[in-house]
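Participant: Provided below for reference: sequence and predicted model.
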Amino acid sequence: MDSNHSLLLEPNEFIVFEYLPNNSVTSLVHLKNPSSCNLAFKLKTNSPSSYIVRPTQGILGPYDERCISVSLQGSESGPDPEKDKFLILYTRTAFPTTYPMAELTKYWLKTDIRSLKKAQLGVKLEVVRSNSIQHLVDYTESTSGSKEEEEGSRRKEGEKKSVSEVVKFELKFPDLSKFNLRLWTFVSLVVGGFFYCIT
């Protein structure tokens, strides 16, 4: 692009909005005139009901800079990043930087758009969590550890209860417990002897 007739944009591809349903959010577009002549500019969008642009037009002096505020209006459905675009029209001009905005508006109306320089910006959304959702996530993360500890305590209590029940059973039926012990000893001896004979 010819530096004597150019306009630098930041960002130069997409306007990024931290989107939250039903909330208005604002991003800035930084314009810079790197040339030694005055530049007239105008910023338009194909979705004017969704965005408020301030200012929409102006004149930059040589090496001058300007910040444009672009506000996304809050709605339940939200914007359409695939379709929403911003068009920046600009041209070298002899108008002074103090030129009345009403007169500049008339200038754009009677100027053939094909004779103007153009730049285009798209839209990107960064979805952010609401405070209520963030608090819920924080609570869930903070309680997950305590839940695991609680489950561990329950398992230990269950194990203790099982052992306790066995002890109670043995105290209640001592003869049966002795019989089980003798039976287990007999089986162990028979199986052990069997494997000893094989080897």
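Facilitator: Happy to help now that I have it.
Participant: so where do the strands sit in the chain?
Facilitator: Assigned by DSSP state E, the chain shows strands spanning 8-10, 14-19, 25-32, 38-45, 51-54, 57-60, 65-72, 86-93, 117-127.
Participant: so which of the ones you listed comes closest to Lys106?
Facilitator: Proximity to Lys106 (C-beta to C-beta) singles out strand 57-60 among the strands of the chain, at 11.2 Å. To be clear about C-beta, it is placed using only N, CA and C from the backbone, and glycine gets the same treatment.
Participant: pairing partners for the closest one, with directions?
Facilitator: Sheet pairing of strand 57-60 (DSSP bridges) gives strand 38-45 (antiparallel).
Participant: hmm, who's touching the strand it pairs with?
Facilitator: 5, 7, 29, 31, 33, 51, 53, 56-62, 68, 84-97, 104, 107-108 (C-beta atoms under 8 Å, 6 or more residues apart in numbering).
Participant: recalculate using a threshold of 6 Å.
Facilitator: Residues outside strand 38-45 that contact it (C-beta atoms under 6 Å, 6 or more residues apart in numbering) are 7, 33, 51, 53, 56-57, 59-61, 68, 86-91, 93, 108.
Participant: domain-wise, how is the chain divided?
Facilitator: Per the record, the chain has its domains at 8-127, 131-198, by automatic domain parsing.
Participant: by mean pLDDT, show me the worst of the ones you listed.
Facilitator: Of all the domains of the chain, domain 131-198 carries the lowest average pLDDT, namely a mean of 51.
Participant: quick one: neighbours of Leu28, just the number.
Facilitator: 11 (other C-beta atoms under 10 Å).
Participant: how close does it get to Ser36?
Facilitator: 26 Å (C-beta to C-beta, to the nearest Å).
Participant: one step back: among the contacts of strand 38-45, which ones are buried?
Facilitator: Those of the contacts of strand 38-45 that meet the buried threshold are 7, 33, 51, 53, 56-57, 59-60, 68, 86, 88-91, 93, 108, by 16 or more other C-beta atoms under 10 Å.
Participant: among these, which two are most distant?
Facilitator: The span of the buried ones among the contacts of strand 38-45, defined through C-beta to C-beta, is set by Tyr51 and Thr93 at 25.5 Å.
Participant: if anything else comes up later, I'll come back, but that's it for now.
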